[in-house]
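Enquirer: with the input below, show me the fold.
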Amino acid sequence: MTTTAQEVFYRVHSTEYPFDAEHAWSSSPGLARSEDGSQYECECTITGTGWEGCEECDGTGWASSSRGYSCCWDAEDLLRYFEDHLAVSDSDRVILFTGEHVGTGPDGEPLVIPMQVISTMTWDQFTSTSL
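Expert: Predicted coordinates:
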């Protein structure tokens, strides 16, 4: 279900990549991505299963990313997600932003195209204010 454009979302985002509507694509973490982020290197190239017959990439080695950034509805969801799934690096920042909810990611998280950044902080700043 698509929601209004003024909802607030939380995301951990690497400083290596721009944070804007143009680059709002999601794919599995740790995989190489195309310059604009709209495609990612298919896991069949990493696992050695080969491209031939791969349903994910249709034999190209590149699969389509999902439109919108993977994010969370609130601070508690973001904390819980990273406790369960991933480590946050020093080059990551937490971004609080408004945007348009355009879909749902593989973990049930909202996929969102950002409209306006409300605030940006380090993970340490975020956890010290969110706990």
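Enquirer: for the chain, longest helix please?
Expert: helix 75-84 (DSSP state H).
Enquirer: helices or strands next to that helix in the packing?
Expert: strand 7-14, helix 123-130 (3 or more Cβ pairs under 8 Å, 6 or more residues apart in numbering; DSSP states H and E). Quick note: C-beta positions are derived from backbone N, CA and C, even for glycine.
Enquirer: one more time with 10 Å, if that's ok
Expert: strand 7-14, strand 92-104, helix 123-130 (3 or more Cβ pairs under 10 Å, 6 or more residues apart in numbering; DSSP states H and E).
Enquirer: now those as a markdown table including mean neighbour count?
Expert: Formatted as a markdown table, these follow (neighbours: other Cβ atoms under 10 Å):
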| stretch | mean neighbour count |
| --- | --- |
| strand 7-14 | 18 |
| strand 92-104 | 19 |
| helix 123-130 | 14 |
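Enquirer: quick one: closest of those to Leu86.
Expert: Shortest distance between Leu86 and the helices and strands packed on helix 75-84, using Cβ to Cβ, is found for strand 7-14: 8.0 Å.
Enquirer: which residues does the very next helix or strand once past that closest one contact?
Expert: For strand 7-14, the following helix or strand on the C-terminal side (DSSP states H and E) is strand 25-26. By Cβ atoms under 10 Å, 6 or more residues apart in numbering, the residues outside strand 25-26 that reach it are 17, 33-34, 36-40, 64-71, 103, 105-106, 109, 111-113.
Enquirer: now, of the residues you listed, which are buried?
Expert: Applying 16 or more other Cβ atoms under 10 Å to these, the neighbour count classes 33, 37-40, 65-66, 68-71, 103, 105, 109, 111-113 as buried.
Enquirer: restricted to helices, list the contacts of strand 25-26.
Expert: Using DSSP H, none of the contacts of strand 25-26 sit in helices.
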